[in-house]
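In: This is a predicted model, with the sequence first.
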2 protein chains.
Amino acid sequence: MTEGTATRLLDAVPPMTVIVVGTGLIGTSVALALKACGTEVWLSDADQGKARLAAELGAGRLLPPAGPPSGPADIAVFAVPPAMVAVALAAAQRNGLARCFTDVASVKQLPLSQAAELGCDLATYVPAHPMSGRERSGPAAARADLFVGRPWVLCPSGQTSAECVALVRGMVGACGAQAIEMTAGEHDQCVALVSHVPHLVAAAMAAQCAGAPGRALALAGQGLLDVTRIAAGDVGLWTEILAANAVPVHEILLSVQAQLGAAADVLAEISAGQEEPAKRLTAMLETGREGVAALPGKRGGPARHYAVVQVVIGDRPGELARLFTAAGAAGVNIEDVRIEHSPGLPAGIAELSVRPEAVPVLSAALAAGGWPVASPA
Amino acid sequence: MTEGTATRLLDAVPPMTVIVVGTGLIGTSVALALKACGTEVWLSDADQGKARLAAELGAGRLLPPAGPPSGPADIAVFAVPPAMVAVALAAAQRNGLARCFTDVASVKQLPLSQAAELGCDLATYVPAHPMSGRERSGPAAARADLFVGRPWVLCPSGQTSAECVALVRGMVGACGAQAIEMTAGEHDQCVALVSHVPHLVAAAMAAQCAGAPGRALALAGQGLLDVTRIAAGDVGLWTEILAANAVPVHEILLSVQAQLGAAADVLAEISAGQEEPAKRLTAMLETGREGVAALPGKRGGPARHYAVVQVVIGDRPGELARLFTAAGAAGVNIEDVRIEHSPGLPAGIAELSVRPEAVPVLSAALAAGGWPVASPA
């Protein structure tokens, strides 16, 4: 473990007892993360098989019908679909299941307003959303480290008690995440842009490939794979998320659609023999480029600029070990690695991201080790 | 080098002498790949500085104004923007620069029809397009292995001689790529789907992020980064590519736009209190999921199904080396690795893809080495 991780663990105050209601990907991951901090974790799911699987994965114990034997838990976490949060909250509050309640739904205004309508006690409810996910779902896809270093948005209402916010912050820190507070409205607006609309855009592009000729798809490269990857996510859950955040998603979607419509108009004019409209296409692509540049680097804060060294590697046991051993022996810290496999050939290219000043050292070390190293850009 | 790579080199027939006209990313990469096979490579670029940089990178020698001292080359490769190919071809044929001519432009009908209009000798022209690229450009981004295992489309016209096709096939094989023949029209249709429209879709999504509040962008995860990555590409070149393939791109773009419009309509109806329309959203997401599943695996042919083992790693020299050494010592071949960095924390998660049967061995080996291993899905 590095110093950074140690700091995180010191900052975090894991709650003593937590009930996780809903043992899908997120719920089970929360349970695994808290379990690793020594928290007593109780699991519950409408689907008993799912709860049992989570328990078998080491995420905690099955919640007895009468609640935890030790009395009310510190926190009950509702990891259920957005539209189920308020109902689960109302039932849990009626049964005195915990001192404090939170959820992990991808939208925040819907469960908050539904909780108010159902007459829930809003003082003990901290609406929340960890910004972690995977295109896979279910307890088997869960991981204890899913939240490490990721933002976890807390949306306390005006009525939420400071004690409950502090308790949930401790839990978030124990999961390795960074708590960020904003209103439910701001949250829903933000995730429409960075998560919900991208999902729809990826799905719309991917849909063009369904039923497309194999000869066309065989030409696809990493670009198309990346653009469409998230469209593999859980269809039922995503329908509910998009429906629950319909207003902000609709607004941004119209803007994307208008951009594509403008691009289509330009292409139609060019097809008709005009050249001038290409300038509008260039301007649109420029704005896209600015948007990519505005996205945060993978470590948060201002993006570090790494240099990339490319190495051709064979596909056999020990090849990567030898490569990384050579890099380590040269004192070079590899910040990131991406392996591009070669379709049809058992060889690949490892792209090693390092600080720019480490490039000459690394290149020399790898060349000395017999690896073909490509000139870095 | 593995057996597969050796097979490739035996199959390929590298040409003796090649002139590369245009030393950007693709031209310089072709030159580097052929140079590595022992081909005599001559470099030329309208921008002398770019040609010199390519020569300094070891891609070949600068082409003398009178042509190669050894006489006409076997092949001249035009790695120039699509609209420049025909003019360059006409000039090269006038000067008797080579026996055979090919290009690498991302569209194929435009250079072919322009070459016919200019009265070029179509018997010696093999229109072609390697399906490799990067979001970076210029000779410094070039790599000798850019084409390894990728498709390289050849679009001989009815007039192209069999001898020239065979010669270019030899060059393609020498670059490690797989030659695929189709008509120029079919090519343009295919790349509109797998490359040109995805670029516009990524750019339209990325454009929404330009000028968006930092608090929103701070919540962005790998999903948005992947969807928008290719929008960082060369704006001028992409304008030209899209304009040169305007008709098929326009057609598919309208289809994407219609899908997003239909999604927007559904969201508007849901905002207005209806629930029924959500089914249409689900159907659209289902089609997107089918599209993702239809895309080829990264090795071509039917996708292999790997299992993923997740390991938390520290961010310091030697950490990956120790990890891969442990895997290698256990006899496990790591098929792919992806490192997910944790924003704000110097720790990351390595996702190791291995054959499913290797999971228990690898997990045991890593656990024995002290790494926290997450349960594979």
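Out: That came in fine, so what should we check first?
In: can you give me the strands in the stretch 51-200 of chain A?
Out: According to DSSP state E, counting those that start in this stretch, the stretch 51-200 of chain A carries its strands in the segments A:61-62, A:73-78, A:98-103, A:125-126, A:128-130, A:151-154, A:178-181.
In: A:Gln159 - how many residues pack around it?
Out: Number of residues near A:Gln159 (other Cβ atoms under 10 Å in any protein chain shown) recorded here: 11. Glycine gets a C-beta too; all of them are placed from N, C-alpha and C.
In: Contacts only, for it.
Out: A:Gln159 sits next to A:Leu122, A:Ala123 when contact means Cβ atoms under 8 Å, 6 or more residues apart in numbering or on different chains.
In: Single out the most deeply packed of the strands of the stretch 51-200 of chain A.
Out: strand A:125-126 (a mean of 28; mean count of other Cβ atoms under 10 Å in any protein chain shown).
In: returning to what we had before: quick one: closest of the strands of the stretch 51-200 of chain A to B:Gly158.
Out: B:Gly158 lies closest to strand A:151-154 among the strands of the stretch 51-200 of chain A, at 58.9 Å (Cβ to Cβ).
In: With only the CA atoms kept, save the closest one in CSV.
Out: Taking C-alpha atoms only, strand A:151-154 is exported to CSV below (Å, rounded to 0.1, in the frame of the first residue of the first chain):
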residue,chain,number,x,y,z
PRO,A,151,-16.4,11.0,-6.5
TRP,A,152,-19.4,10.0,-4.4
VAL,A,153,-22.1,12.7,-4.5
LEU,A,154,-24.1,13.5,-1.4
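In: mind listing the helices for the stretch 1-150 of chain A?
Out: Ranges of helices in the stretch 1-150 of chain A, per DSSP state H, counting those that start in this stretch, are A:3-11, A:25-36, A:48-56, A:85-94, A:109-117.
In: closest to B:Trp238 out of those helices?
Out: helix A:25-36 (36.4 Å).
In: State the mean pLDDT of the closest one.
Out: Rounded to a whole number, the mean pLDDT of helix A:25-36 is 94.
In: got the angle between that helix and strand A:73-78?
Out: Note on geometry: by axes from the mean of the first three to the mean of the last three Cα atoms, to 10 degrees, helix A:25-36 and strand A:73-78 are set 160 degrees apart in direction.
In: The particular helix or strand that has A:Gly291 in it - contacts with which helices or strands?
Out: Assigned by DSSP states H and E, A:Gly291 belongs to helix A:278-294. The helices and strands touching helix A:278-294, judged by 3 or more Cβ pairs under 8 Å, 6 or more residues apart in numbering or on different chains; DSSP states H and E, are helix A:246-271, helix B:197-209, helix B:222-228, helix B:235-244.
In: Return the most buried member of those.
Out: Mean neighbour counts were taken over these using mean count of other Cβ under 10 Å, and the top value, a mean of 27, falls to helix B:197-209.
In: Please work out the average pLDDT along that one.
Out: Mean predicted confidence for helix B:197-209 is 97.
In: any bit of whichever helix or strand comes after that helix sitting next to chain A?
Out: For helix B:197-209, the following helix or strand on the C-terminal side (DSSP H and E) is helix B:214-217. Yes: interface with chain A: helix B:214-217 contributes B:Arg215, B:Ala216, B:Leu217 (Cβ under 8 Å from any Cβ of the partner chain).
In: Can you tell me how far the residue in the stretch 51-200 of chain A positioned nearest to chain B is from A:Gln178?
Out: Across the stretch 51-200 of chain A, no residue is closer to chain B than A:Gly149, which sits at 2.6 Å (Cβ to the nearest Cβ). According to Cβ to Cβ, to the nearest Å, A:Gly149 and A:Gln178 sit 7 Å apart.
In: Read off the pLDDT value for the most centrally placed residue in chain A.
Out: By Cα atoms, centre = their mean, chain A has its centre lying nearest to A:Ser132, at 2.9 Å. With respect to pLDDT, A:Ser132 scores 88.
In: so what's it up against?
Out: A:Ile26, A:Ser29, A:Leu146, A:Phe147, A:Arg150, A:Ala177, B:Gly221.
In: Nearest to A:Leu110 among these?
Out: Comparing those against A:Leu110 with Cβ to Cβ picks out A:Ile26 as the nearest, at 16.7 Å.
In: ok, now which ones touch the closest one?
Out: Going by Cβ under 8 Å, 6+ apart, the list of residues near A:Ile26 reads A:Ala79, A:Val104, A:Pro130, A:Ser132, A:Gly133, A:Ala142, A:Leu146.
In: What degree of burial does the last one show, as a neighbour count?
Out: By that I understand A:Leu146. Taking other Cβ under 10 Å as the criterion, the count of residues near A:Leu146 is 26.
In: can I assume it is in contact with A:Ala33?
Out: Yes: here A:Leu146 reaches A:Ala33: they are 7.2 Å apart, a contact under Cβ atoms under 8 Å.
In: Give the burial count for A:Glu335, as a bare number.
Out: A:Glu335 has 20 neighbours, counted by other Cβ under 10 Å.
In: which SS state does the closest residue to it other than its chain neighbours fall under?
Out: Among residues not flanking A:Glu335 along the chain, A:Ser353 sits closest, at 4.7 Å (Cβ to Cβ, 6 or more residues apart in numbering or on different chains). Following DSSP: H, G, I helix; E, B strand; the rest coil, A:Ser353 is assigned to strand.
In: A:Ser353 and A:Asn333 touch, don't they?
Out: No: counting by Cβ under 8 Å, A:Ser353 stays clear of A:Asn333, with 10.1 Å between them.
In: where does the stretch 251-377 of chain A have low pLDDT?
Out: Scanning the stretch 251-377 of chain A for pLDDT under 70 picks out the ranges A:297-305, A:314-317, A:339-349, A:372-377.
In: Now with 80, please.
Out: A:297-322, A:324, A:334-351, A:356, A:370-377 (pLDDT under 80).
In: Now do the domain split for chain A, please.
Out: For chain A, the structural domains run A:11-183, A:307-374, going by automatic domain parsing.
In: Out of these, which one sits most buried?
Out: For those, the largest average neighbour count (mean count of other Cβ under 10 Å) is found in domain A:11-183, namely a mean of 21.
In: Okay, the residue of chain A most remote from its centre and B:Ala246: tell me how far apart.
Out: Note on chain A: the largest C-alpha distance from the chain mean falls to A:Gly273, namely 44.9 Å (Cα atoms, centre = their mean). In this view, A:Gly273 and B:Ala246 are 10 Å apart by Cβ to Cβ.
In: Same question for A:Trp238.
Out: Distance from A:Trp238 to B:Ala246, by Cβ to Cβ: 33 Å.
In: again with A:Pro111
Out: 47 Å.
In: Repeat that for A:Leu267.
Out: Note on A:Leu267: its distance to B:Ala246, by Cβ to Cβ, is 4 Å.
In: next one: A:Ala98
Out: Remark: distance between A:Ala98 and B:Ala246 (Cβ to Cβ) = 60 Å.
In: Then A:Leu146?
Out: 44 Å.
In: if we can go back for a sec, please name whichever of the helices and strands packed on helix A:278-294 is nearest to A:Met171.
Out: Nearest of these (Cβ to Cβ): helix B:222-228, 23.7 Å.
In: Could you see whether chain A lies near the closest one?
Out: Yes: Helix B:222-228 lies within reach of chain A by Cβ under 8 Å from any Cβ, at B:Gly223, B:Leu224, B:Leu225, B:Asp226, B:Val227, B:Thr228.
In: Find the nearest non-adjacent residue to the fifth one, please.
Out: The reference is to B:Val227. A:Pro198 (4.6 Å).
In: what's the answer for the fourth one, then?
Out: The shortest distance from B:Asp226 to any residue other than its chain neighbours is 4.2 Å, reached at A:Asp226 (Cβ to Cβ, 6+ apart).
In: Distance of that neighbour relative to A:Phe324?
Out: 25 Å.
In: thinking again about what came up before, tabulate the residues of helix B:222-228 next to chain A (CSV), appending pLDDT.
Out: As requested, the residues of helix B:222-228 next to chain A are arranged in CSV below (pLDDT from 0 to 100):
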residue, pLDDT
B:Gly223, 90
B:Leu224, 94
B:Leu225, 92
B:Asp226, 92
B:Val227, 95
B:Thr228, 95
